[in-house]
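Engineer: model this:
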Amino acid sequence: MKDSSVLSLALGLATADAITNLTGLVCDLRWPNDLLVGDRKCAGILVEVERPVFIAGIGINVNQSEFPAELAALATSLRLASGRMQSRDQLLAGLCESVDRFTKMLVEDGPLPSWIYSPEPQVTSKASASWWTKWKG
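Structural biologist: Next comes the predicted model:
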């Protein structure tokens with residue numbers, strides 16, 4: 001893999017998958033690195049390249065009960081969006097499983113994995129459409 005944007009998308013899909021599996025919330029992946037619940041950001045992905053290594057960071061707003069006034073209209077947490085506290089341990093375990101699954105697809109299927117053609121996208125149709133649009137360039 002030569003392009004960090006493909007890895008960023010795979011990690012975004014993995015993060016959305018982990019959030020949905022834990023909370024039931026559906027995330028919208030916004031290229032290149034934001035995850036939204038409704039119209040508010042709940043997570044972000046950052047991938048940097050230090051050849052030959054990719055360094056990735058995933059930040060998720062899990063149990064915040066409020067945000068500063070300047071962010072309140074833009075950000076949310078899984079707690080606020082779902083109406084209940086969330087287990088960070090369960091989220092981390094689910095995220096590790098999802099990251100492993102989605103990065104494995106990259107390794108085995110290449111930059112355009114077979115599931116992109118699936119009639120039932122694994123996360124959201126918007127996320128798959130974003131992948132397709134970016135890949136087609």
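
Engineer: neighbours around Pro52, how many?
Structural biologist: For Pro52, the tally of surrounding residues (other Cβ atoms under 10 Å) stands at 5. From N, CA and C alone the C-beta is placed, and that goes for glycine too.

Engineer: off-centre distance for the longest strand along the chain?
Structural biologist: Using DSSP state E, we find that the single longest strand of the chain is strand 40-50. On the basis of Cα atoms, centre = their mean, to the nearest Å, strand 40-50 sits 8 Å off its chain's mean C-alpha point.

Engineer: can you name the element that comes right after whichever helix or strand Arg79 is part of?
Structural biologist: Using DSSP states H and E, Arg79 falls within helix 78-82. Per DSSP H and E, the first helix or strand lying C-terminal to helix 78-82 is helix 88-109.

Engineer: report the rounded mean pLDDT for that following helix.
Structural biologist: Confidence over helix 88-109 (mean pLDDT, whole number) is 91.

Engineer: likewise for stretch 29-46?
Structural biologist: For stretch 29-46, mean pLDDT rounds to 92.

Engineer: what's the straight distance from one end of that stretch to the other?
Structural biologist: Terminal residues of stretch 29-46 are spaced 13 Å apart (Cα to Cα, to the nearest Å).

Engineer: residues of it that come out buried?
Structural biologist: The neighbour-count check on stretch 29-46 (16 or more other Cβ atoms under 10 Å) flags Leu29, Pro32, Asn33, Leu35, Leu36, Val37, Arg40, Lys41, Cys42, Ala43, Gly44, Ile45 as buried.

Engineer: how about these in JSON lines, adding distance to Ile55?
Structural biologist: Formatted as JSON lines, the buried residues of stretch 29-46 follow (distance: Cβ to Cβ, whole Å):
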{"residue": "Leu29", "distance to Ile55": "20"}
{"residue": "Pro32", "distance to Ile55": "16"}
{"residue": "Asn33", "distance to Ile55": "14"}
{"residue": "Leu35", "distance to Ile55": "19"}
{"residue": "Leu36", "distance to Ile55": "24"}
{"residue": "Val37", "distance to Ile55": "26"}
{"residue": "Arg40", "distance to Ile55": "27"}
{"residue": "Lys41", "distance to Ile55": "22"}
{"residue": "Cys42", "distance to Ile55": "22"}
{"residue": "Ala43", "distance to Ile55": "17"}
{"residue": "Gly44", "distance to Ile55": "15"}
{"residue": "Ile45", "distance to Ile55": "12"}
